[in-house]
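S.K.: 3D, please:
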Amino acid sequence: MFLVLLRFAGFTSAADNWLNSLLLPDISLDFAIPISQASIILTAYLIPYGVLQPFYGFYSDRYGRKKILLLLFRSRID
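M.R.: Next comes the predicted model:
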């Protein structure tokens, strides 16, 4: 079961990066702003995402992926 959830988390992590760029026209229409301004949303999401990847990788290699994933899930739920 955990392996299925881990695979789904990996898929979701990759898919949300693709979907965010596809949603930019809809976001710009909803907020009545140009796409260039709406792209700031994508930038604000992807920069921390990319910057934190090495830290998550280091700690998951050091302490185990399961512990780090559970820690991240708990921090989002609380």
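
S.K.: show me what counts as buried in the helix or strand where Leu29 lies.
M.R.: In this structure, Leu29 is located in helix 24-31 according to DSSP states H and E. Under the neighbour-count criterion of 16 or more other CB atoms under 10 Å, helix 24-31 has 24, 27-28 buried. All C-beta atoms are positioned from the backbone trio N, CA, C, and that covers glycine.

S.K.: for that helix, packing partners?
M.R.: helix 35-63 (3 or more CB pairs under 8 Å, 6 or more residues apart in numbering; DSSP states H and E).

S.K.: could you dump the next helix or strand along the chain from the helix it packs on to PDB, C-alpha only?
M.R.: Under the assignment DSSP H and E, the closest C-terminal helix or strand after helix 35-63 is helix 65-77. What follows is helix 65-77, C-alpha atoms only, in PDB (Å, rounded to 0.1, in the frame of the first residue of the first chain):
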ATOM      1  CA  ARG A  65      12.500   8.300   2.500                       C
ATOM      2  CA  LYS A  66       9.600   6.900   4.400                       C
ATOM      3  CA  LYS A  67      10.500   8.900   7.500                       C
ATOM      4  CA  ILE A  68      10.900  12.100   5.500                       C
ATOM      5  CA  LEU A  69       7.700  11.600   3.600                       C
ATOM      6  CA  LEU A  70       5.800  10.900   6.800                       C
ATOM      7  CA  LEU A  71       7.300  14.000   8.400                       C
ATOM      8  CA  LEU A  72       6.300  16.100   5.300                       C
ATOM      9  CA  PHE A  73       2.700  14.700   5.300                       C
ATOM     10  CA  ARG A  74       2.300  15.300   9.000                       C
ATOM     11  CA  SER A  75       3.500  18.900   8.700                       C
ATOM     12  CA  ARG A  76       0.900  19.600   6.000                       C
ATOM     13  CA  ILE A  77      -1.900  17.900   7.900                       C
END
